[in-house]
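J.: take a look and give me a structure for this.
(one chain, ligands or ions: 2)
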Amino acid sequence: MHYVSTRGEAPALGFSDAILAGLARDGGLYVPREWPRFSAADIRAMRGLAYPDLAIRVLTPFLGGEIAAPVFERLVREAYATFRHEAVCPLVQTGANTFVLELFHGPTLAFKDVAMQLLARLMDHVLAERGHHATIVGATSGDTGGAAIDAFAGRSRTDIFILFPHGRVSPVQQRQMTTSTAENVHALAIEGNFDDCQGLLKDMFNDHGFRDRVSLSGVNSINWARIMAQIVYYFSSALSLGAPDRPVSFTVPTGNFGDIFAGYAAKKMGLPIDRLVIATNDNDILARTFATGEYRTKGVFATTSPSMDIQVSSNFERLLFEASNRDAATVRRYMAGLKQSGAFTIDAAEIAGMRSEFDAGRADMDEVAATIRSTLANSNYLLDPHTAAAMHVAAGKTGAVPMVVLGTAHPAKFPAAVEAASGVSPALPAWLGGLMTFEEKYTVLPSDLKMVEDYVSRRARAAR
Ligand SMILES: Cc1ncc(COP(=O)(O)O)c(C=O)c1O
Ligand SMILES: N[C@@H](CCOP(=O)(O)O)C(=O)O
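T.: Numbering: from 1, shown residues only. Ligands and ions are numbered 1, 2, ... in the order given. Next comes the predicted model:
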């Protein structure tokens with residue numbers, strides 16, 4: 001199995017190199033050269049597998065034989081032993097044909113843990129085999145940062161620098177990033193929004209001198225292993241609802257488009273998915289794109305679902321690559337338009353192809369609050385604001401096919417918004433009880449490439 005860049009101008013890489021590279025050297029994102037396929041019989045044979053066993057079955061084809069089977073099995077089992085629910089990602093029925101897939105039973109209470117716990121172990125393994133060190137820089141709107149810090153803290157082969165938008169994450173999210181005492185962890189509050197943080201990150205990858213000097217790696221969903229690990233829970237939930245003999249639809253709270261792209265990948269691999277529904281908050285670039293065919297950025301708006309406060313939706317590039325029949329020149333043209341004018345228009349056949357697989361909708365803050373309230377009243381189930389945005393959008397799309405709403409975060413990560421909506425203040429689980437009293441440590445920096453690169457270079461142990 002090899003991985004190719006969506007921009008077609010970087011070398012194809014094997015699995016280990018692709019996960020260490022993060023962003024391709026031409027600025028593109030890696031995708032598998034071909035999609036592994038499971039037959040209906042293969043999928044039927046997955047029924048009843050425990051989550052780690054299912055993960056091993058679904059993910060092995062992506063490794064291209066580069067990680068020995070017993071090693072991969074150990075890493076997968078260790079990763080999911082960090083989850084506090086026996087099922088890892090349990091499915092809970094909240095309506096006649098509606099289910100919430102709870103992805104927040106990992107160490108930092110968000111779906112990011114599902115992939116990050118595995119990615120950290122895979123990277124550590126590859127770096128140890130090669131005797132190398134890496135500098136990880138990540139951009140976060142709140143959840144990726146905490147999950148990455150938890151997964152990489154104390155690992156001797158990596159230093160990790162997380163860029164978060166100053167003042168725009170919830171207090172729980174901030175403390176998950178700023179209270180680590182591990183020496184290899186650096187939390188940087190950037191004076192800007194998430195798009196600024198992600199822009200800095202991509203500029204660092206595209207500055208090849210810096211990239212090589214610090215052995216830069218990335219753990220955002222630019223990293224293929226993040227998407228790969230997220231494919232598994234589409235299989236686990238669909239299998240619970242009758243796959244491969246019954247189709248299932250998914251509604252996904254969406255920002256950077258990584259999570260829903262994992263659903264698209266699952267479908268490409270043979271899982272019978274009917275509709276993939278994109279749910280945005282007021283930052284509705286994707287909903288507008290599907291309505292008009294034009295991808296046009298506008299300012300980021302701060303909402304009660306801050307992790308989705310994103311305009312430049314990184315993984316949409318992977319979908320553009322697929323929709324254009326893997327035409328890297330088309331992707332390069334779209335990305336050049338985005339860089340020059342903040343917009344591009346998608347070819348009519350390509351947007352029609354996307355609409356045949358995806359629906360898209362938005363939920364504003366009032367709709368999010370109303371959905372938290374009504375789901376509590378009607379189903380006795382407390383949603384976090386991101387999952388509530390998806391539940392609102394799903395309500396208009398549910399029919400005969402079961403609808404799985406991805407529950408991407410625990411409500412206790414966003415207690416103020418949840419309490420304002422419902423009157424209920426969700427408590428952090430007891431094992432995270434001390435979080436709000438620990439001392440914080442972080443550095444505030446302007447959204448300035450040179451200043452951030454200097455900061456990283458001076459502290460990264462891999463810097464040459
Ligand atoms: C809680 C939560 N929900 C939804 C999303 C959006 O997911 P994605 O960026 O993969 O579209 C994020 C951030 O990524 C998040 O942290
Ligand atoms: N919502 C994310 C934004 C970064 O997304 P990623 O999936 O590309 O890491 C966050 O919580 O940080």
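J.: who's in contact with Phe344?
T.: Residues in contact with Phe344 (Cβ atoms under 8 Å, 6 or more residues apart in numbering) are Glu294, Tyr295, Arg333, Tyr334, Met335, Gly337, Leu338. (Each C-beta comes from the backbone N, C-alpha and C, glycine too.)
J.: which of these are buried?
T.: Among the contacts of Phe344, the ones that count as buried by 16 or more other Cβ atoms under 10 Å are Tyr295, Tyr334, Met335, Leu338.
J.: turn the residues you listed into TSV, columns for distance to Thr345, secondary structure and pLDDT.
T.: Conversion of those to TSV gives the following (distance: Cβ to Cβ, whole Å; DSSP: H, G, I helix; E, B strand; the rest coil; pLDDT from 0 to 100):
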residue	distance to Thr345	secondary structure	pLDDT
Tyr295	8	strand	97
Tyr334	9	helix	98
Met335	13	helix	97
Leu338	11	helix	96
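J.: and these as TSV, adding distance to Phe301?
T.: Shown next, in TSV, are these (distance: Cβ to Cβ, whole Å):
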residue	distance to Phe301
Tyr295	17
Tyr334	24
Met335	24
Leu338	19
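J.: among the residues you listed, which one lies nearest to Leu29?
T.: Met335 (10.4 Å; Cβ to Cβ).
J.: could I get the buried ones among the contacts of Phe344 in a markdown table, plus columns for distance to ligand 2?
T.: Listed next are the buried ones among the contacts of Phe344 as a markdown table, based on distance: Cβ to the nearest ligand atom, whole Å:
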| residue | distance to ligand 2 |
| --- | --- |
| Tyr295 | 17 |
| Tyr334 | 19 |
| Met335 | 16 |
| Leu338 | 17 |
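J.: quick check: residues of the chain near ligand 1?
T.: Residues of the chain lying near ligand 1 by Cβ under 6 Å from any ligand atom: 110, 141-143, 221, 253-259, 307-308, 386, 408-409.
J.: so which of these also contact ligand 2?
T.: Ser141, Gly142, Asp143, Ser221, Gly255, Asn256, Gly258, Ser307.
J.: can I have the buried ones of those as a PyMOL selection?
T.: Command for PyMOL, covering only those of these found buried under the criterion 16+ other Cβ under 10 Å:
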select buried, resi 141+142+143+221+255+256+258+307
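J.: could you single out the nearest of the ones next to ligand 2 among the residues of the chain next to ligand 1 to Ala463?
T.: The closest of those to Ala463 turns out to be Ser221 (Cβ to Cβ; 25.5 Å).
J.: which residues does the residue nearest to that closest one when sequence neighbours are not counted contact?
T.: Ranked by Cβ to Cβ, 6 or more residues apart in numbering and with sequence neighbours excluded, the top spatial neighbour of Ser221 is Gly258, at 2.9 Å. Residues in contact with Gly258 (Cβ under 8 Å, 6+ apart) are Asn220, Ser221, Arg226, Ile227, Gln230, Ser314, Asn315.
J.: which residue ranges of the stretch 351-464 of the chain form strands?
T.: Along the stretch 351-464 of the chain, counting by DSSP state E, counting those that start in this stretch, strands occupy 358-362, 403-407, 443-446.
J.: what do you get for the stretch 51-200 of the chain?
T.: Under DSSP E, counting those that start in this stretch, the stretch 51-200 of the chain gives strands at 91-95, 98-102, 134-139, 158-165, 185-191.
J.: note down every partner strand of the second one and its orientation.
T.: If I follow you right, that is strand 98-102. Here strand 98-102 is paired, per DSSP bridges, with strand 91-95 (antiparallel), strand 403-407 (parallel).
J.: same thing with the last one?
T.: Note on strand 185-191: by DSSP bridges, its sheet partners are strand 158-165 (parallel), strand 443-446 (parallel).
J.: Met116 reaches Asp150, doesn't it?
T.: Yes - here Met116 lies in contact with Asp150, judged by Cβ atoms under 8 Å, at a distance of 7.4 Å.
J.: more neighbours: the two, which one.
T.: Met116 (31 against 22; other Cβ atoms under 10 Å).
J.: what segments of the stretch 101-250 of the chain are helices?
T.: Taking DSSP state H, counting those that start in this stretch, the helices of the stretch 101-250 of the chain run over residues 112-130, 143-152, 171-178, 194-206, 208-214, 224-240.
J.: the third one - what's its average pLDDT?
T.: Here helix 171-178 scores 97 as its mean pLDDT.
J.: who touches that helix?
T.: Helix 171-178 has contacts (Cβ under 8 Å, 6+ apart) with 108, 140, 142-143, 145-146, 149-150, 162, 164, 169, 187, 306-307, 412-415, 428, 435-436, 438, 440-442.
J.: please apply the same query to the fifth one.
T.: Defining contact as Cβ under 8 Å, 6+ apart, one finds that helix 208-214 is touched by Arg25, Thr135, Met204, Phe205, Leu216, Glu453, Val456, Ser457, Ala460, Ala462, Ala463, Arg464.
J.: could you dump the residues you listed to a markdown table with neighbour count and pLDDT?
T.: What follows is the contacts of helix 208-214, written out as a markdown table (neighbours: other Cβ atoms under 10 Å; pLDDT from 0 to 100):
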| residue | neighbour count | pLDDT |
| --- | --- | --- |
| Arg25 | 17 | 96 |
| Thr135 | 26 | 98 |
| Met204 | 23 | 98 |
| Phe205 | 21 | 95 |
| Leu216 | 26 | 97 |
| Glu453 | 21 | 98 |
| Val456 | 23 | 98 |
| Ser457 | 14 | 97 |
| Ala460 | 24 | 95 |
| Ala462 | 18 | 86 |
| Ala463 | 15 | 79 |
| Arg464 | 8 | 66 |
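J.: tell me which of these is nearest to ligand 1?
T.: Looking at these and their distance to ligand 1, the nearest is Phe205, at 18.0 Å (Cβ to the nearest ligand atom).
J.: so the residue lying closest to Leu127 once chain neighbours are set aside versus ligand 1, what's the distance?
T.: Take Leu127 and drop its neighbours on the chain: the residue closest to it by Cβ to Cβ, 6+ apart is Arg157, 4.2 Å away. For Arg157, the distance to ligand 1 equals 26 Å [Cβ to the nearest ligand atom, to the nearest Å].
J.: just Arg332 next, same as before
T.: Counting by Cβ to the nearest ligand atom, the separation of Arg332 from ligand 1 is 23 Å.
J.: got the residues of this structure near ligand 2?
T.: 140-145, 220-221, 255-256, 258, 307, 314.
J.: would CSV of those residues with distance to Lys268 and pLDDT be doable?
T.: As requested, the residues of the chain next to ligand 2 are arranged in CSV below (distance: Cβ to Cβ, whole Å; pLDDT from 0 to 100):
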residue, distance to Lys268, pLDDT
Thr140, 28, 97
Ser141, 27, 93
Gly142, 29, 94
Asp143, 26, 96
Thr144, 24, 97
Gly145, 29, 98
Asn220, 22, 97
Ser221, 17, 96
Gly255, 22, 96
Asn256, 19, 95
Gly258, 15, 98
Ser307, 26, 94
Ser314, 19, 94
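J.: between those residues, which is nearest Phe38?
T.: Taking those together and measuring to Phe38 by Cβ to Cβ, the closest member is Gly258, at 21.6 Å.
J.: just checking, Asp124 touches Gly154?
T.: No - with contacts counted by Cβ under 8 Å, Asp124 stays clear of Gly154, the gap being 10.7 Å.
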